[in-house]
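K.L.:
Dropping the sequence and predicted coords here.
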Amino acid sequence: MGILDGIVEWIAEQVMNGLDLITTSVLGALGCDMTVFLRYFPAAETMYTL
């Protein structure tokens with residue numbers, strides 16, 4: 001089962017790389033500007049004021 005374990009490990013690594021890329025892209029797109037963040041997630045302002 002060594003080759004199967006290697007394939008599963010490779011697939012898991014690729015999935016994690018993809019998730020990391022998505023997370024980095026989203027954080028880079030939002031940046032530190034709260035106006036952009038609030039435009040995409042308007043509920044954040046409502047929850048903060050409660």
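P.N.:
Okay, I see it. Since we're looking at a predicted model, the values are computed, not measured. Numbering: from 1, shown residues only.
K.L.:
Sketch out the low-pLDDT regions of the protein for me.
P.N.:
1, 30-33, 49-50 (pLDDT under 70).
K.L.:
Name the helix or strand for the residue nearest to the spatial centre of the chain, please.
P.N.:
Against the mean C-alpha coordinate of the chain, by CA atoms, centre = their mean, the closest residue is residue 23 at 2.5 Å. Element membership for residue 23 (DSSP states H and E) is helix 2-30.
K.L.:
just checking, next helix/strand downstream of that helix?
P.N.:
Downstream of helix 2-30 (by DSSP H and E), the next one is helix 34-40.
K.L.:
what packs against that following helix?
P.N.:
helix 2-30, helix 43-49 (3 or more CB pairs under 8 Å, 6 or more residues apart in numbering; DSSP states H and E). No exception for glycine: its C-beta is placed from N, CA and C like everyone else's.
K.L.:
Relative to the whole chain's centre, how far out is the longest one?
P.N.:
Chain-centre distance of helix 2-30: 11 Å, with CA atoms, centre = their mean, to the nearest Å.
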